[in-house]
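need the 3D shape of this:
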Amino acid sequence: MAGKVYVIGVGMSKFIKPRGEIDYPEFGLEAAVKALIDANITYDKVEFATCGYVYGDSTAGQRVLYQLGMTQIPIINVNNNCSTGSTALLQARNAVASGSVECAMALGFERMARGSLSSAFTDRTNPLDHVTMVMADEVGFDPKAPPAAQFFGNAGISYMEKYGVTSRHLAKIAEKNHRHSARNPYSQFRDIYTLEQIEQSPKVYGPLTKLQCCPTSDGAGCAIVASEAFVKKHGLWDQAVEIVAQVMATDSPKMLSTDPIEWAGVDMTRRAAEQAFKIAGITSNDVQVVELHDCFSANELITYDALGLTAPGKAHTLIDSGDNTYGGKYVVNPSGGLISKGHPLGATGLAQCSELVWQARNWAGDRQVPNVKYALQHNVGLGGAAVVAIYKKASDKFTQPHAGYNPAIEARPITQEDYNKAKSTKRAQFLEAKL
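Predicted coordinates for the structure are as follows:
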């Protein structure tokens with residue numbers, strides 16, 4: 001039987017517009033150092049690490065973590081499209097749950113090019129060629145629009161046509177997430193927009209406007225996970241947040257159906273959510289806060305159904321009732337989501353984890369969701385992989401941050417002192433941090 005696994009430390013960098021001024025080793029180091037300080041341990045305690053990124057060369061994870069020490073632990077590099085960060089977390093969690101290690105790190109980072117996502121390779125088969133051909137046959141393919149916007153935009157159009165949803169509902173989702181992001185110091189964008197401003201921003205594809213689409217971003221996120229015995233040994237119960245369930249699913253044949261909603265991978269989200277709730281022994285009604293993959297407003301819309309937050313075809317009722325924001329049944333994307341916080345692919349899932357851990361600890365300040373008992377995470381990548389996780393605070397007590405300030409509400413850079421506290425004390429350093 002798998003053992004319980006707890007998140008004991010999280011950290012992230014600010015998500016910023018790709019400028020090339022900061023490279024991935026610096027982003028990754030910042031997130032890792034913050035997570036280690038949050039966990040009140042040094043890198044020597046980490047026995048296994050997974051590093052997620054999509055745009056980078058092999059063994060980039062080693063290049064980042066060697067800055068903390070060449071301790072000879074296994075370091076696994078992960079690329080699973082937009083769900084890369086959650087895939088790294090799943091691998092780290094599984095290593096602890098299996099009993100093979102007591103403490104593991106999941107690190108995700110990305111340095112992206114400006115503009116819409118594009119394939120790094122043009123001389124080989126695109127992993128999405130099968131569903132792209134289905135889409136082209138059914139509704140056509142616009143060579144001028146970003147492919148991702150077409151997949152999710154067509155899903156939104158189909159949902160609107162089937163269930164009487166309007167483009168105003170999509171705009172309301174974006175308005176909510178931009179509003180939430182104003183309270184998040186890590187967000188790439190913190191401006192608040194009116195519905196009219198969102199609707200009148202430049203068209204990207206179908207009903208989707210620019211302010212309903214996530215930006216490309218640079219940044220990093222990190223989580224430290226540990227066994228029950230490790231938490232007990234190091235006295236970390238008051239800050240530990242249990243991952244009570246975490247499930248990954250891939251596509252079913254529905255992805256190749258003629259239903260545009262299925263092209264966006266909702267069936268793998270359904271499967272992962274159903275299994276996660278079953279493992280956790282709860283239902284969606286027990287959840288208070290949700291971080292879900294809103295790469296486009298249309299994906300948040302269709303994901304309400306897939307996660308079971310609403311009955312099929314009733315996503316718009318959640319929006320109209322205000323049950324997706326503060327004062328409602330759920331608070332969805334208190335961080336601002338991908339639309340405002342940003343979307344550095346390898347880091348996104350770990351940024352979601354960071355936000356939910358802070359929410360569970362009651363650290364989130366003026367974006368705190370009241371009375372959090374269970375938190376739900378959803379991260380999806382086309383091609384495909386969907387990861388759904390459910391979190392619960394390990395104790396009713398709350399601890400003060402080990403960083404000396406509250407990292408949930410203040411996005412400070414790391415210092416040389418921070419680095420010295422986190423780095424390995426047993427091995428000569430590969431390279432001193434460039435701080």
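
sketch out the low-pLDDT regions of this structure for me.
1, 115-119, 427-435 (pLDDT under 70).

can you get me a residue count around T258?
12 (other C-beta atoms under 10 Å). In short, each C-beta sits where N, CA and C put it, glycine included.

verify the contact between it and V139 for me.
No: here T258 does not reach V139: they are 9.5 Å apart, not a contact under C-beta atoms under 8 Å.

three-state assignment of the spatially most central residue of the chain?
Taking C-alpha atoms, centre = their mean, the centroid of the chain lies closest to G349, which sits 2.3 Å from it. Three-state assignment for G349 (DSSP: H, G, I helix; E, B strand; the rest coil): helix.

hmm, R93 and it touching each other?
No: G349 lies out of contact with R93 (C-beta under 8 Å); the separation is 11.8 Å.

can I get stretch 124-138 as CSV, trimmed to CA atoms?
Taking C-alpha atoms only, stretch 124-138 is exported to CSV below (Å, rounded to 0.1, in the frame of the first residue of the first chain):
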residue,chain,number,x,y,z
ARG,A,124,9.5,15.3,-38.1
THR,A,125,6.0,14.2,-37.2
ASN,A,126,4.1,16.6,-34.9
PRO,A,127,2.7,14.7,-31.9
LEU,A,128,-0.7,16.4,-32.5
ASP,A,129,-0.9,15.6,-36.2
HIS,A,130,-3.8,13.1,-35.8
VAL,A,131,-6.1,15.4,-34.0
THR,A,132,-5.1,18.4,-36.1
MET,A,133,-6.2,16.5,-39.2
VAL,A,134,-9.5,15.7,-37.6
MET,A,135,-10.0,19.4,-36.8
ALA,A,136,-9.0,20.4,-40.3
ASP,A,137,-11.5,18.0,-41.8
GLU,A,138,-14.4,19.1,-39.5
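
angles on the backbone of S257, please.
Main-chain dihedrals, S257, degrees, to the nearest 10: phi -80, psi -180.

number of residues surrounding it?
15.

just give the nearest non-adjacent residue to it, would you?
Setting aside the residues directly before and after it, S257 is nearest to V134 in space (C-beta to C-beta, 6 or more residues apart in numbering), at 7.9 Å.

right, and the one you found touches T258 too?
Yes: using C-beta under 8 Å, V134 is in contact with T258, at 7.3 Å.

any idea how far the one helix or strand S158 maps to is from the chain center?
When elements are assigned from DSSP states H and E, S158 belongs to helix 147-163. Remark: helix 147-163 is offset 22 Å from the chain centroid, using C-alpha atoms, centre = their mean, to the nearest Å.

which element follows it toward the C-terminus?
helix 167-181.

that following helix: which residues count as buried?
167, 169-181 (16 or more other C-beta atoms under 10 Å).

same check on stretch 371-382?
In terms of neighbour count (16+ other C-beta under 10 Å), stretch 371-382 has its buried residues at V372, Y374, A375, L376, Q377, H378, N379, V380, G381, L382.

check the gap between T132 and K144 for me.
T132 is 15 Å from K144, where distance means C-beta to C-beta, to the nearest Å.

apologies, that question was intended for G99.
52 Å.

more neighbours, those two?
G99 (12 against 5).

how about the secondary structure of that one?
Quick answer, by three-state DSSP: G99 is coil.

which residues does it contact?
Contact analysis of G99 by C-beta atoms under 8 Å, 6 or more residues apart in numbering lists G3, S227.
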